[in-house]
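>>> Have a look; sequence and predicted model below, questions after that.
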Amino acid sequence: YDAVGNLSAQSGAASATTQAPSSENIINAVSCSQADVQTAINSASTGYTVSIPTGTCTWTSGITLTKKISIIGSTSGCPAACNDATTINMGTITPFTVTGESGFRISGITFAGNGSGNGAIYINKGGTGSLTDWRVDHNHFKDITGRGISVGSYASVLGSGRDWPGLIDNNRFSATYRFKAVEVYGGSLTTHGEWDEALALGGPNFLFIEDNYMVHSAMNEGVSSMDSDTGGRVVFRHNTLTNGDISFHGVEGSISNLWRSSHGWEIYNNTFNSTVNHIFQINIRGGTGVIYENSFTGTRTGFNPVRY
């Protein structure tokens with residue numbers, strides 16, 4: 001449920017997304033290699049599921065997903081204890097760049113390695129289009145130093161559509177040092193982007209991030225586990241963070257750069273655990289929203305749970 005008691009449009013849709021597909025609509029990749037997964041995707045029609053078997057494979061190039069399909073690996077147990085059954089060693093590439101149709105799903109895959117600035121999964125329709133009603137769930141983003149998931153166009157240059165609503169749930173983001181697990185950008189089809197549109201808290205036009213684990217043994221300054229910029233709208237709820245924090249950016253540079261602050265946020269029922277010193281765990285520099293019923297534990301020096 002959202003901040004005002006309404007059933008989340010994304011969470012409600014998720015149950016339909018996870019229904020077992022017909023065996024006739026499943027394309028089984030021969031292995032977890034990039035070539036075999038690409039071949040299976042090429043054979044899949046709208047609404048099909050591509051199943052990736054167990055195994056550990058190294059990818060040296062990524063896949064651009066342009067179809068409304070589900071890509072499901074064999075990793076299970078996430079977010080609490082992922083078994084990493086399907087692991088893609090990605091080096092510094094982006095394994096999946098999504099540019100095509102709304103309604104896709106990526107699930108059950110372990111992404112291991114440094115990753116790239118665009119993330120292990122990069123969701124960006126490009127141009128004035130939008131990607132909506134998608135789901136990224138039950139994956140393990142392991143030992144990444146770049147980004148886990150990036151949503152939208154960087155800095156939302158004028159003419160960019162937004163790539164939400166969508167749902168990021170039940171993933172595990174783990175590494176020794178905190179990394180940017182999720183980056184969220186808004187759209188800018190008008191001069192001031194999302195800020196030219198009325199904000200409706202409790203509504204469906206948000207990116208929903210829920211029931212994820214973000215687990216680290218140390219915190220490096222200057223990087224938040226979740227970051228929102230340029231008109232992003234985020235519902236962040238029921239997540240568990242160990243040595244992690246979340247941030248919502250303000251205006252960066254001059255207003256003529258069109259890099260507006262985050263637009264809206266709902267932050268509730270999260271658990272923040274800290275074993276190292278850090279000055280905040282929720283950092284608000286712009287936007288409007290609600291923060292309530294979060295839990296903060298651990299011993300810190302000079303700590304304020306929420307910094308405005």
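Structure received. Numbers count the residues shown, from 1 in each chain.
>>> so which helix or strand takes in the closest residue to S261 other than its chain neighbours?
Residue nearest to S261 in three dimensions, not counting chain neighbours: G286, with 2.4 Å by Cβ to Cβ, 6 or more residues apart in numbering. Heads up, the C-betas are built off the backbone N, CA and C, glycines and all. G286 is located outside every helix and strand, with elements delineated by DSSP states H and E.
>>> what about G286, distance to E197?
15 Å (Cβ to Cβ, to the nearest Å).
>>> do the same with A112
Here the distance between A112 and E197 works out to 39 Å (Cβ to Cβ).
>>> Among the two, which residue is more densely surrounded?
More neighbours sit around A112 than around the other of A112 and E197, counting by other Cβ atoms under 10 Å; the figures are 20 against 17.
>>> For the residue nearest to that one when sequence neighbours are not counted, list the residues it contacts.
Spatially, and ignoring its direct neighbours in sequence, A112 is nearest to K142 (4.5 Å; Cβ to Cβ, 6+ apart). Residues counted as contacts of K142 (Cβ atoms under 8 Å, 6 or more residues apart in numbering) are 82, 84, 87, 110-112, 172, 174-175.
>>> mind redoing it with 10 Å?
Residues near K142 by Cβ atoms under 10 Å, 6 or more residues apart in numbering: 75, 82, 84, 87, 89, 110-113, 115, 120, 148, 172-175.
>>> And V50, by the same measure?
V50 is in contact with 26-29, 37-44, 65, 67, 69-73, 106, counting by Cβ under 10 Å, 6+ apart.
>>> Show me which of those residues are buried.
Under a neighbour-count criterion of 16 or more other Cβ atoms under 10 Å, the subset of the contacts of V50 counted as buried comprises 26-27, 29, 37-38, 40-41, 44, 65, 67, 69-73, 106.
>>> Among those, which lie within strands?
When the buried ones among the contacts of V50 are checked against strands (DSSP state E), the matches are 26-27, 65, 70-72, 106.
>>> among the residues you listed, which two are most distant?
The most widely separated members of these are I26 and L65, with 16.9 Å between them, by Cβ to Cβ.
>>> where in the stretch 51-200 of the chain is pLDDT low?
Of all residues in the stretch 51-200 of the chain, those with pLDDT under 70 make up the ranges 154-159, 177-178, 191.
>>> Just the closest of the ones in strands among the buried ones among the contacts of V50 to H192, please.
Of all these, the one sitting nearest H192 is L65; the distance, using Cβ to Cβ, is 30.8 Å.
>>> bridging residues for the closest one?
Taking DSSP bridges as the rule, L65 bridges to V98.
>>> wouldn't G55 be in contact with T87 here?
Yes. Counting by Cβ atoms under 10 Å, a contact exists between G55 and T87, whose distance comes to 7.5 Å.
>>> Neighbour count: these two, which is higher?
Between G55 and T87, counted using other Cβ under 10 Å, the more crowded position is T87 (24 against 16).
>>> got a list of what the more buried one touches?
Taking Cβ under 10 Å, 6+ apart as the criterion, T87 is in contact with 32, 54-58, 73-75, 109-113, 140, 142.
>>> Show only the entries of those residues found in strands.
Counting by DSSP E, the part of the contacts of T87 found in strands is 55-58, 110-112, 140, 142.
>>> So which of those residues is the closest to G202?
Each of the ones in strands among the contacts of T87 was checked against G202 using Cβ to Cβ; the closest is H140, at 31.3 Å.
>>> and the closest one, what is it in contact with?
Neighbours of H140 in contact, by Cβ under 10 Å, 6+ apart: 73, 75-79, 81-87, 108-112, 148, 171-174, 213.
>>> make it 6 Å
Residues in contact with H140 (Cβ atoms under 6 Å, 6 or more residues apart in numbering) are 75, 78, 82, 110, 172.
>>> ok, now T190?
Applying Cβ under 6 Å, 6+ apart, the residues contacting T190 are D196.
>>> Kindly provide the distance from it to N273.
Applying Cβ to Cβ, the value for T190 to N273 is 41 Å.
>>> ok, back up a step: among the ones in strands among the contacts of T87, which one sits closest to V98?
Nearest to V98 among those: F111, at 14.2 Å, using Cβ to Cβ.
>>> How about the closest one: which residues does it bridge to?
Here F111 sits in beta bridges with I88, F141, going by DSSP bridges.
>>> and it, how far is that from M226?
Distance, F111 to M226, by Cβ to Cβ: 17 Å.
>>> circling back: among the contacts of K142, which one sits closest to G250?
Scanning the contacts of K142 for proximity to G250, where the rule is Cβ to Cβ, the winner is G148, at 23.1 Å.
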